[in-house]
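Asker: below is the structure, and that's it, no one-letter string:
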Ligand SMILES: Nc1nc2c(ncn2[C@@H]2O[C@H](COP(=O)(O)OP(=O)(O)OP(=O)(O)O)[C@@H](O)[C@H]2O)c(=O)[nH]1
Ligand SMILES: [Mg+2]
């Protein structure tokens, strides 16, 4: 299989999905995300974007979590696809 | 467990743990009959609360904990929860979980069960889960977790009797529970086993302790808190374990990843989704509430509606109450003259005490009694976190935490609550900024002042059907201004004395919930009305008496109070106020609710009129005392920006334990208010001269 390039999470647009590949290095942020169930392999969807463009609301494992651009940038994902609305 | 020898029943301790916003406080209230505040957003409870309930031959001491996603504790509220779970050694841990998002909740459940299997899982919000066609299999879940699992709907009390029975069974040992064992891989397991063997005999939850000890960071602290001796044998074992794990850099991370995977397994095995797109409704509401085009306008519109209802709804009760008090005062006057009472006494008693009490009750109470239930309804619906989501970028730009938006909104209810609420913020720097700027949100005790000034002064020329609209719009303007100032000062602080980068934000946006209209309204109405009346009695009566004493005691032809007001009048004039008003602000330090009533009483004691029954009369009293539109505007600015009330100051001190910062919290808004009033006053006067 051809290796797909990794892209930062915040590059996704509303309605797009991805699979988490790496979490940020910052241990505190990583811990907080893991506690919510975000680990490599988790499927994540962008659901909403704040009126000002940042933060975005991400849906994974049954909850909706807002992340700032600055933090989402450090989360890398592979295979991006669009969900049917 | 302990036994109360006098009463002959056993006493068990239990804690309510769980993710934020899963209904812990609701369960707590239902079991203990207490009135902890609840609300549909993560972080409502920040301080632990204790209550009691009886079951069979025993009494439970139940502790309501702040919600937490993990036991790693980043913020002070989570720290409190972690302490209680880890070191409190309760007889039973009741882990409350949200049945409609069980997968996330399972992470914490598995973490907690690793510490102690003396636990019960309460699958709360089962009504919502069923509505979304999410069907959890509690029997299977109980088998997989090794502890009782009880489904419940705490708000309607469903399932709570089973919960208490299970908690009792676990606490007294009649229900046997089994430990869960998450498999962390051979290396970690061998390392953990090495340590287990070196731990002293008779210690509980050895496996958990040894796993924690694999983490290099806070070993000594962990041993100390658990009262474990650091024997040479243990030291040896830990070194051996470290060697086994030398290739892994973050054992914590491995553990939590394993737990997440295990949660996924359990979730897939125990929960059936009959409708895969169960959250469609929430998504469509969110599309409107947080979209680029409609997000902000809807926020302002909702705010305007809340204010409109407050102004209109408070108007009539306000008039009735004012008339009632006038009636009472007249009757009292008749009585007094029948008894040939001294003129001085009757002035102190009727104009001072009853008059001040009357204006607190008639002017201040009605808007508060309408605003507060409305605010609670918004809070219960789940809209507040959306506001934080919409405004976050501005907070980010100001170098602060996104949750500051939440504490700011709590400030609209009460600044002291807002300041305590800052515990949800993880870093000290951002917490301090949030607390320092909280006072820029005009609290429930200040809204009525703003409403009275707006209604009596700024919109009184507008024909009546439009008047309330204009008033609501003006109030929205005041709120926008206060948010703007709050952001500007936050920015200033994060560029100067509280320098730093904004930390990361991970904010859960909970599902929308239909609030319980009737119950919320009745409860917040009753609570608020009673507490305001209480405060009115405690503060307004003595204040009324003292000030009317000062206003009716004359030294060389002038009353004592006029010496004071005249003394500060020149300064007050510079910032667009007058001596009486500034005196009232200072005397209103114990409670903002009494500022306007005190000012009115002093004005009235100077003039011929002794009462007012309507806004028109209020208007004429104020104009007779030299108020202009500029005075009204400056008074409003100063209402939004002046020193926090005594309760807020005290809370600030309790939270920071620092006199220096408390003084800063006192001076910061005061200086801002003085500067803004000065600017507005000067500019307006210059314009008037020019035109
Ligand atoms: N429909 C429904 N709503 C509930 C139920 N239990 C609680 N709620 C609502 O859920 C929201 C959160 O309840 P709280 O009791 O404040 O939750 P908490 O776990 O104490 O939250 P934190 O203090 O933030 O950790 C409130 O709006 C409650 O009215 C329930 O069984 N059914
Ligand atoms: Mg709570």
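Answerer: Yes, it's here. Because the structure is predicted, anything quoted here is derived from the model rather than measured. Ligands and ions are numbered 1, 2, ... in the order given.

Asker: can you tell me the element residue B:86 falls in?
Answerer: Using DSSP states H and E, residue B:86 sits in helix B:76-87.

Asker: my error: substitute residue B:433 in the last question.
Answerer: Element membership for residue B:433, per DSSP H and E: helix B:428-437.

Asker: what packs against that helix?
Answerer: helix B:404-413, helix B:464-495, helix B:646-656, helix B:659-690 (3 or more CB pairs under 8 Å, 6 or more residues apart in numbering or on different chains; DSSP states H and E). Every C-beta, even on glycine, is put in place using the N, C-alpha and C of the backbone.

Asker: circling back to that earlier point, what's next to the helix holding residue B:86, contact-wise?
Answerer: B:15, B:17, B:43, B:45-48, B:63, B:65-73, B:90, B:93, B:112, B:115, B:225-226, B:423-424, B:431 (CB atoms under 8 Å, 6 or more residues apart in numbering or on different chains).

Asker: out of those residues, who's near ligand 2?
Answerer: Among the contacts of helix B:76-87, proximity to ligand 2 is found for residue B:45 (CB under 5 Å from the ion).

Asker: now the strands for chain A?
Answerer: A:7-8, A:16-22, A:43-49, A:56-60, A:63-67, A:76-82 (DSSP state E).

Asker: report the angle between the second one and strand A:56-60.
Answerer: Direction vectors for strand A:16-22 and strand A:56-60, defined by axes from the mean of the first three to the mean of the last three CA atoms, to 10 degrees, enclose an angle of 80 degrees.

Asker: do the same with the fifth one
Answerer: Going by the same axes, to 10 degrees, strand A:63-67 is angled at 150 degrees with respect to strand A:56-60.

Asker: now swap in the last one and tell me
Answerer: With the same axes, to 10 degrees defining the directions, strand A:76-82 sits at 90 degrees from strand A:56-60.

Asker: who does strand A:76-82 pair up with?
Answerer: Here strand A:76-82 is paired, per DSSP bridges, with strand A:7-8 (antiparallel), strand A:16-22 (antiparallel).

Asker: pull out the buried positions in stretch B:518-526.
Answerer: By neighbour count on 16 or more other CB atoms under 10 Å in any protein chain shown, the buried set for stretch B:518-526 is B:520-521, B:524-525.

Asker: again but with stretch B:345-357, I slipped
Answerer: Of the residues in stretch B:345-357, those buried (16+ other CB under 10 Å) are B:346-357.

Asker: can you give the distance of it from its chain's centre?
Answerer: 36 Å (CA atoms, centre = their mean, to the nearest Å).

Asker: and what of stretch B:566-579?
Answerer: 35 Å.

Asker: contacts for that stretch, please.
Answerer: Here stretch B:566-579 makes contact (CB under 8 Å, 6+ apart) with B:558, B:564-565, B:581-583, B:585, B:625-627, B:630-631, B:633-635, B:638, B:674, B:677-678, B:680-681, B:684.

Asker: pLDDT of that stretch, averaged?
Answerer: Averaging pLDDT along stretch B:566-579 gives 94.

Asker: flag every buried residue along that stretch.
Answerer: Per 16+ other CB under 10 Å, stretch B:566-579 contains these buried residues: B:568-569, B:572, B:575-579.

Asker: cool, and stretch B:195-207?
Answerer: Those would be B:195-196, B:198-199, B:205-207, for stretch B:195-207 by 16+ other CB under 10 Å.

Asker: residues in contact with that stretch?
Answerer: For stretch B:195-207, the surrounding residues in contact (CB under 8 Å, 6+ apart) are B:89, B:114-116, B:179, B:181, B:192, B:209-210, B:213-214, B:228-229, B:231, B:233-234, B:236-238, B:241.

Asker: swap the cut-off to 7 Å and go again
Answerer: B:115-116, B:192, B:209-210, B:213, B:228-229, B:233-234, B:236-238, B:241 (CB atoms under 7 Å, 6 or more residues apart in numbering or on different chains).

Asker: show me the one in those residues that has more neighbours than the rest.
Answerer: When neighbours are counted by other CB atoms under 10 Å in any protein chain shown, residue B:213 leads the contacts of stretch B:195-207 with 26 neighbours.

Asker: run the angle between the biggest helix by length in chain A and strand A:56-60 for me.
Answerer: The residue-count maximum for a helix in chain A (DSSP state H) belongs to helix A:27-35. Going by the same axes, to 10 degrees, helix A:27-35 is angled at 50 degrees with respect to strand A:56-60.

Asker: buried ones in helix A:27-35?
Answerer: A:29-35.

Asker: equivalent analysis for stretch B:246-258, please.
Answerer: So for stretch B:246-258, counting by 16+ other CB under 10 Å, buried means B:251-258.

Asker: from those residues, which ones fall inside strands?
Answerer: Among these, no member falls in strands (DSSP E).

Asker: output those residues as CSV; include the columns pLDDT and distance to residue B:390.
Answerer: Formatted as CSV, the buried residues of stretch B:246-258 follow (pLDDT from 0 to 100; distance: CB to CB, whole Å):
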residue, pLDDT, distance to residue B:390
B:251, 84, 39
B:252, 84, 34
B:253, 86, 33
B:254, 88, 37
B:255, 89, 36
B:256, 89, 31
B:257, 92, 33
B:258, 93, 37
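
Asker: among those, which one lies nearest to ligand 2?
Answerer: residue B:256 (24.1 Å; CB to the ion).

Asker: got a list of what that closest one touches?
Answerer: Contact analysis of residue B:256 by CB under 7 Å, 6+ apart lists A:34-35.

Asker: same thing but 10 Å
Answerer: Contact analysis of residue B:256 by CB atoms under 10 Å, 6 or more residues apart in numbering or on different chains lists A:30-31, A:33-35, A:37, A:39, B:70, B:72, B:107, B:110-111, B:250.

Asker: cool, residue B:549 as well?
Answerer: B:344, B:347-348, B:352, B:559-561.

Asker: need the next SSE after the longest strand belonging to chain B, C-terminal direction.
Answerer: The strand that spans the most residues within chain B, counting by DSSP E, is strand B:9-18. Counting by DSSP H and E, the next helix or strand C-terminal to strand B:9-18 is helix B:24-32.

Asker: that following helix - contacts with which helices or strands?
Answerer: Secondary-structure packing of helix B:24-32 (3 or more CB pairs under 10 Å, 6 or more residues apart in numbering or on different chains; DSSP states H and E): strand B:9-18, strand B:49-55, strand B:58-64, strand B:92-98, strand B:119-124, helix B:160-172.

Asker: adding mean neighbour count, write these out as a markdown table.
Answerer: Formatted as a markdown table, those follow (neighbours: other CB atoms under 10 Å in any protein chain shown):
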| stretch | mean neighbour count |
| --- | --- |
| strand B:9-18 | 22 |
| strand B:49-55 | 15 |
| strand B:58-64 | 21 |
| strand B:92-98 | 27 |
| strand B:119-124 | 28 |
| helix B:160-172 | 20 |
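
Asker: need the ones you listed in JSON lines (columns: mean pLDDT).
Answerer: Formatted as JSON lines, the helices and strands packed on helix B:24-32 follow (pLDDT from 0 to 100):
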{"stretch": "strand B:9-18", "mean pLDDT": "93"}
{"stretch": "strand B:49-55", "mean pLDDT": "93"}
{"stretch": "strand B:58-64", "mean pLDDT": "94"}
{"stretch": "strand B:92-98", "mean pLDDT": "96"}
{"stretch": "strand B:119-124", "mean pLDDT": "97"}
{"stretch": "helix B:160-172", "mean pLDDT": "95"}
